[in-house]
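Enquirer: Quick one, fold the following:
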Amino acid sequence: MRYFILLPLVLNIAWVQAQNLVPNGGFEEYTECPTSISQVDRAVGWSMVSGSPDYFNRCNVNDSMGVPLNIIGYQEPFEGDAYMGVSVYSGGCGYRECFQHALAEPLTPGVPVYLSMRVSPGGFGNDPDPNRYNSARYASNGIGMKFSTQAHTFNTLWPGNVALQMTSILNDTASWTEVSGIYV
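Expert: Numbering: from 1, shown residues only. Reported below is the predicted structural model:
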């Protein structure tokens, strides 16, 4: 059984001078519309690391991967026409989904950067099995961002501390919650 939470809609990693270092942080640029789960790579520059994160876009005319209604929930994007969805909990088995993108340029040691993402829990989707993807009955914390000097390969673990992490429980299904902070 998999339970999903819609994860970052817009990712911003910027120097204090406000230069965005995450290309396609809103997932708006795509090579093809998503037609089924696990198609993160259809958003330009993005790839999956673990599990099977999902790409949702308004360009999809079938309602399983469309926006705002899809198999895992009903949510308008914070801005634009797209967002990603990941599972952050699945029955206590330690299953987690992650996706990644290379920064436009490397971070400079000692230089603070502002990190920001918007998150919203899934739920109330149109999947025929309401117990499969309905995450509205589950809530989570610990959603975050991590930096690495190299791309991760599928299902590699991410040892070490995260650069940004949501410490409160994500349970507001009506709106997007901003998770932000400064990272040096």
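
Enquirer: how far does stretch 19-31 stretch from start to finish?
Expert: 25 Å (Cα to Cα, to the nearest Å).

Enquirer: Sorry, wrong one. I was asking about stretch 35-43.
Expert: 12 Å.

Enquirer: same deal with stretch 50-60?
Expert: By Cα to Cα, the extent of stretch 50-60 from end to end equals 24 Å.

Enquirer: Distance from stretch 63-74 to the middle of the chain?
Expert: Between the centre of stretch 63-74 and the centre of its chain there are 15 Å (Cα atoms, centre = their mean, to the nearest Å).

Enquirer: Tell me the buried residues in that stretch?
Expert: Buried residues in stretch 63-74, defined by neighbour count with 16 or more other Cβ atoms under 10 Å: 64-67, 69-73. Where C-beta positions appear, they are placed from N, C-alpha and C, glycine not excepted.

Enquirer: Could you pull up the residues touching the closest residue to Tyr183 other than its chain neighbours?
Expert: Nearest residue to Tyr183, sequence neighbours excluded (Cβ to Cβ, 6 or more residues apart in numbering): Ala163, at 4.5 Å. Contacts for Ala163 (Cβ atoms under 8 Å, 6 or more residues apart in numbering) come out as 115, 144-147, 183.

Enquirer: What's the separation between Ala163 and Val179?
Expert: Distance of Ala163 to Val179, computed by Cβ to Cβ, to the nearest Å: 11 Å.

Enquirer: Could you export the buried residues of stretch 63-74 as JSON lines, including secondary structure, distance to Thr173 and pLDDT?
Expert: Output for the buried residues of stretch 63-74, formatted as JSON lines (DSSP: H, G, I helix; E, B strand; the rest coil; distance: Cβ to Cβ, whole Å; pLDDT from 0 to 100):
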{"residue": "Ser64", "secondary structure": "coil", "distance to Thr173": "19", "pLDDT": "85"}
{"residue": "Met65", "secondary structure": "coil", "distance to Thr173": "19", "pLDDT": "89"}
{"residue": "Gly66", "secondary structure": "coil", "distance to Thr173": "18", "pLDDT": "90"}
{"residue": "Val67", "secondary structure": "coil", "distance to Thr173": "15", "pLDDT": "91"}
{"residue": "Leu69", "secondary structure": "strand", "distance to Thr173": "13", "pLDDT": "85"}
{"residue": "Asn70", "secondary structure": "strand", "distance to Thr173": "14", "pLDDT": "85"}
{"residue": "Ile71", "secondary structure": "coil", "distance to Thr173": "16", "pLDDT": "81"}
{"residue": "Ile72", "secondary structure": "coil", "distance to Thr173": "12", "pLDDT": "78"}
{"residue": "Gly73", "secondary structure": "strand", "distance to Thr173": "8", "pLDDT": "80"}
